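In: below is the structure, and that's it, no one-letter string:
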């Protein structure tokens with residue numbers, strides 16, 4: 001069932017409850033026929049509506065927004081401008097001077113999230129040497145999202161190559177921009193963080209001079 005249908009059912013339920021409360025109070029007001037009791041009844045109705053609204057927001061909308069919504073954003077000005085700082089935050093390394101942002105995206109999947117940064121460098125050998133000063137790199141092969149071997153890298157994958165059968169709202173608008181990234185390639189990879197609630201990897205495609213960083217948070 002899609003998110004929009006679930007939200008529609010929630011709203012419909014709230015509307016039904018509101019309609020019932022309104023009908024009940026109106027009927028009670030007519031039966032009593034006293035102005036004082038009418039005012040009291042209206043006060044009870046307003047109070048009930050306020051309580052119901054607060055209840056709906058706290059116990060229905062908030063959990064729904066947290067646990068059931070999915071959102072994907074890509075290549076906005078903010079994401080692109082923030083990418084060097086995010087790279088520093090994820091890896092503890094300064095963004096390379098010869099780095100050029102190719103792609104930046106974020107994905108929210110319920111309470112979980114991930115961020116992908118893909119960029120190119122002109123001097124990939126120098127970049128590799130800098131990485132090796134801080135992290136261990138292992139040679140492998142990748143055809144996104146599959147990475148050779150049985151290792152679980154504890155990351156949330158986005159549909160960067162249009163091959164995961166995700167909803168169209170969760171797929172890149174221009175997959176051609178990542179054509180060199182999506183094909184089967186030899187890679188060097190480092191598992192920077194591997195915690196229960198946090199996973200980060202850095203992947204280098206030496207021949208293509210591309211670098212991919214994924215940072216994932218799990219609820």
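Out: Perfect, thanks for sending it. On a predicted model such as this, the values are computed, not experimentally measured, just so you know. Numbering: from 1, shown residues only.
In: pull the helix or strand with minimum mean pLDDT from this protein.
Out: helix 62-67 (a mean of 49; mean pLDDT, DSSP states H and E).
In: tell me the helix or strand right after that one.
Out: strand 70-74 (DSSP states H and E).
In: strand partners of that following strand, parallel vs antiparallel please.
Out: Sheet pairing for strand 70-74, assigned by DSSP bridges, gives strand 100-109 (antiparallel).
In: following the strand it pairs with, which helix or strand shows up next?
Out: Strand 100-109 is succeeded, C-terminally, by strand 112-120 (DSSP H and E).
In: show me what whichever helix or strand comes after that following strand is packed up against.
Out: Per DSSP H and E, the first helix or strand lying C-terminal to strand 112-120 is helix 124-132. Judged by 3 or more C-beta pairs under 8 Å, 6 or more residues apart in numbering; DSSP states H and E, the packing partners of helix 124-132 are strand 198-205. (Each C-beta comes from the backbone N, C-alpha and C, glycine too.)
In: list the buried residues for the strand it packs on?
Out: By neighbour count on 16 or more other C-beta atoms under 10 Å, the buried set for strand 198-205 is 199, 200, 201, 202, 203, 204, 205.
In: stretch 89-99 now?
Out: Buried residues in stretch 89-99 (16+ other C-beta under 10 Å): 90, 91, 93, 95, 96, 99.
In: can you list the domains in the chain?
Out: Annotated domains of the chain cover 3-67, 70-217 [automatic domain parsing].
In: which one of those has the lowest average pLDDT?
Out: Mean pLDDT per stretch puts domain 3-67 lowest among the domains of the chain, at a mean of 56.
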